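Visitor: 3D, please:
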Amino acid sequence: MADATVADPCRVIIDPLPACGQWNMAVDEALLESAVAGTGGTTRWYRWDRATLSLGYFQPPEEALREPRFAGLPVVRRLTGGGAIVHHHELTYACVLPAAHPLAGSLRDLYTMVHEAVLRVLSGLGFGARLRGIADGARRAEFLCFGRGDDFDVVMGDFKILGSAQRRRRGAVLQHGSLLLRRSEWLREFPGVFDCAGREVSEADLIEQLARAVGAVVSRKTVPGSLADDEMRRAAQLMKTYEIPRLTAEQRSVNSV
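Guide: As a prediction, this is how the structure comes out:
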């Protein structure tokens, strides 16, 4: 594959503290808006302050809101498509590119190059992961993202540990994804990297290595960064658009009939 990086620096953001789902999704949209306006590429790594269910953009919320095992979890809708995710013991990334970036026009190349960068980091730490390759098409309709099988998935053994999704707006692209580190108490059937390997490494070191590797996909030069003031203000405005109200017990009962 040809080198698709560019000379303009890539801003690399590592959020210092976990945040709520509304804020995490709002920031990703604010970064996409910045890319639409013509800023350079940005990568962001972040975590969640509590277990949170996110729905793909096209998923109806009723099924998740009725599901007893998700009762009590905050629910947000992602800007991207794909299946539902319980964000819990994981690292989440966003890669945001302006329309002029060579990778903005190639869905497959961006998926592949970001996932291969993650694989190189995992391999360097002794974790035996790989790209899935040809996936079972019958699993692409599963409600939960990590129950689905896509060609670009990163897997350890038979288990998906990294899945990503995209959203395009006026040529700019947001790709974000979740790297499972450990099983969530809400979804015991989906192990993470540390579960599959039977050992752990420093999360702080892991996220630093991942941030550098994925940033290098975007540009030969990466610079540590943070949100601009206008991006912070815009994210604060967008937060309210991401919350999905919980159904009451009475509403769940009525909708299940």
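Visitor: Just give the nearest non-adjacent residue to Lys221, would you?
Guide: Among residues not flanking Lys221 along the chain, Pro9 sits closest, at 4.5 Å (CB to CB, 6 or more residues apart in numbering). Where you see a C-beta, it was placed from the backbone N, CA and C, and this is true even at glycine.
Visitor: Tell me the confidence at the one you found?
Guide: Looking at Pro9, its pLDDT is 94.
Visitor: ok, now Arg140?
Guide: pLDDT, Arg140: 61.
Visitor: cool, Val6 as well?
Guide: Confidence score, pLDDT, at Val6: 65.
Visitor: what does Gln251 give?
Guide: At Gln251, pLDDT is 42.
Visitor: Residue ranges in the stretch 101-250 of the chain under the pLDDT threshold?
Guide: For the stretch 101-250 of the chain, residues meeting the criterion pLDDT under 70 lie at 135-141, 246-250.
Visitor: All the helices of it, residue numbers only.
Guide: 107-124, 193-197, 203-218, 229-238, 249-256 (DSSP state H, counting those that start in this stretch).
Visitor: which helices and strands sit right next to the second one?
Guide: What that stands for is helix 193-197. strand 154-156, strand 159-169 (3 or more CB pairs under 8 Å, 6 or more residues apart in numbering; DSSP states H and E).
Visitor: As a markdown table, those with distance to Glu189 would be great.
Guide: Shown next, in a markdown table, are the helices and strands packed on helix 193-197 (distance: least, CB to CB, whole Å):
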| stretch | distance to Glu189 |
| --- | --- |
| strand 154-156 | 14 |
| strand 159-169 | 9 |
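Visitor: Of these, which is nearest Trp45?
Guide: Of all these, it is strand 159-169 that lies closest to Trp45, at 12.9 Å by CB to CB.
Visitor: Return the set of buried residues in that closest one.
Guide: Neighbour counts over strand 159-169 (16 or more other CB atoms under 10 Å) mark Phe159, Lys160, Ile161, Leu162, Gly163, Ser164, Ala165, Gln166, Arg167, Arg168 as buried.
Visitor: same thing with stretch 29-46?
Guide: 29-36, 39-46.
Visitor: Out of those residues, flag the one nearest to Gln59.
Guide: Distances from Gln59 to the buried residues of stretch 29-46, taken by CB to CB, are shortest for Glu29, at 17.4 Å.
Visitor: Let me see the contact set for the closest one.
Guide: Residues in contact with Glu29 (CB atoms under 8 Å, 6 or more residues apart in numbering) are Leu79, Leu174, Ala235, Leu238.
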